[in-house]
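Asks: Next comes the sequence, and after it the predicted model I'd like to discuss.
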Amino acid sequence: MEPKFIHRKKYAEKLGVTDRIIEGWMFEKWNKGQHYVVVGKQTLVNIPEVDKWLISQQELKQEEKL
């Protein structure tokens, strides 16, 4: 079973994007407490919530093409 949270940099590696991309999404698109949490100085990504967000972004792109 995959853990619910993963460090921001590890999630970036998993997706194949830079940490700066994740950081941009955090500040512009994601909700703190829903998509990510900050514990001390570490940012942890909520994998199920962000995966849902990514799928919704893909669906929006497909609708724009119609």
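Replies: Cool, the structure landed.

Asks: what helix or strand does the residue nearest the centre of the chain sit in?
Replies: Centroid-nearest residue in the chain: V50, 4.1 Å away (criterion: C-alpha atoms, centre = their mean). Assigning secondary structure by DSSP states H and E places V50 in helix 47-65.

Asks: Counting by contacts, list what that helix packs against.
Replies: For helix 47-65, there is no helix or strand it packs on, judged by 3 or more C-beta pairs under 8 Å, 6 or more residues apart in numbering; DSSP states H and E. Bear in mind the C-beta positions are built from the backbone N, C-alpha and C, glycine included.

Asks: contact partners of it?
Replies: By C-beta atoms under 8 Å, 6 or more residues apart in numbering, the surrounding residues in contact with helix 47-65 are E2, P3, K4, F5, I6, Y11, K29, W30, Q34, H35, Y36.

Asks: for whichever strand or helix holds G24, which positions count as buried?
Replies: Assigned by DSSP H and E, G24 belongs to helix 19-28. By neighbour count on 16 or more other C-beta atoms under 10 Å, the buried set for helix 19-28 is I22, W25, M26.

Asks: The first one contacts R8, correct?
Replies: Yes: contact between I22 and R8 holds when scored by C-beta atoms under 8 Å: they sit 5.4 Å apart.

Asks: Now the common contact residues for these two.
Replies: With C-beta under 8 Å, 6+ apart, I22 and R8 have common neighbours V45.
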